[in-house]
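Engineer: Okay, structure incoming, though there's no sequence with it:
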């Protein structure tokens with residue numbers, strides 16, 4: 001069954017609802033964003049979570065020491081790196097690290113072997129005219145080199161088709177289940193998770 005990560009969590013109500021609906025992982029964004037959170041606030045959210053839920057911190061080109069410090073404070077399990085971090089930075093967190101790429105930053109697929117990560121994440125590129133559907137076969141090809149998490153404009157309406165084509169290990173959703181940045185739409189979140197799990 002495909003795993004589901006709900007990203008951009010900013011409050012306990014959304015976190016607990018995501019888990020109730022069947023999410024396997026929650027993402028907390030520490031990079032500049034409308035969904036950016038404070039590590040001490042995340043610590044409070046994490047303290048309310050049941051066991052066996054994976055907590056992921058999202059960072060963009062942050063200092064290694066800063067990332068480690070935030071993960072320790074907040075009680076996180078994995079670092080998700082969305083910037084220009086190379087294999088040597090991933091090594092600092094290996095194996096508890098996810099390296100995110102978009103079509104503009106993705107290296108040659110055989111170079112993915114250089115990254116000592118738990119999984120790769122493929123996201124859409126801001127400002128690009130590459131459609132979400134064009135990501136799906138790329139994600140499928142990436143899976144020859146490791147576990148792949150598919151993101152990028154996923155909703156409850158397209159996630160089943162995305163999974164059918166991309167065959168990912170997991171899917172990642174943020175804006176596709178929101179009322180506004182940082183506030184989840186619980187019916188949309190429930191529908192998304194149900195659709196993803198059914199497709200998987």
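Structural biologist: Received, thanks. Predicted model only: the values in this text are computed from it and were never measured.

Engineer: ranges for the helices of the chain?
Structural biologist: Assigned by DSSP state H, the helices in the chain fall at 12-21, 39-47, 64-74, 87-93, 132-142, 159-166, 186-199.

Engineer: Of all those helices, which one comes closest to residue 1?
Structural biologist: Nearest to residue 1, of all the helices of the chain, is helix 186-199, at 5.9 Å by Cβ to Cβ. C-beta coordinates here come from the backbone N, C-alpha and C atoms, glycine included.

Engineer: Residue 118: which of the helices of the chain is closest?
Structural biologist: helix 87-93 (9.3 Å).

Engineer: and that closest one, how far out from the chain's middle?
Structural biologist: With Cα atoms, centre = their mean, to the nearest Å as the basis, helix 87-93 stands 18 Å off its chain's centre.

Engineer: Summarise which helices and strands it is packed against.
Structural biologist: Where contact means 3 or more Cβ pairs under 8 Å, 6 or more residues apart in numbering; DSSP states H and E, helix 87-93 is packed against helix 64-74, strand 78-81.

Engineer: Please identify the buried residues of that helix?
Structural biologist: By 16 or more other Cβ atoms under 10 Å, the buried positions in helix 87-93 come out as 87, 89, 90, 93.

Engineer: which one of those residues is nearest residue 8?
Structural biologist: Closest approach to residue 8 among those (Cβ to Cβ): residue 93, at 20.9 Å.
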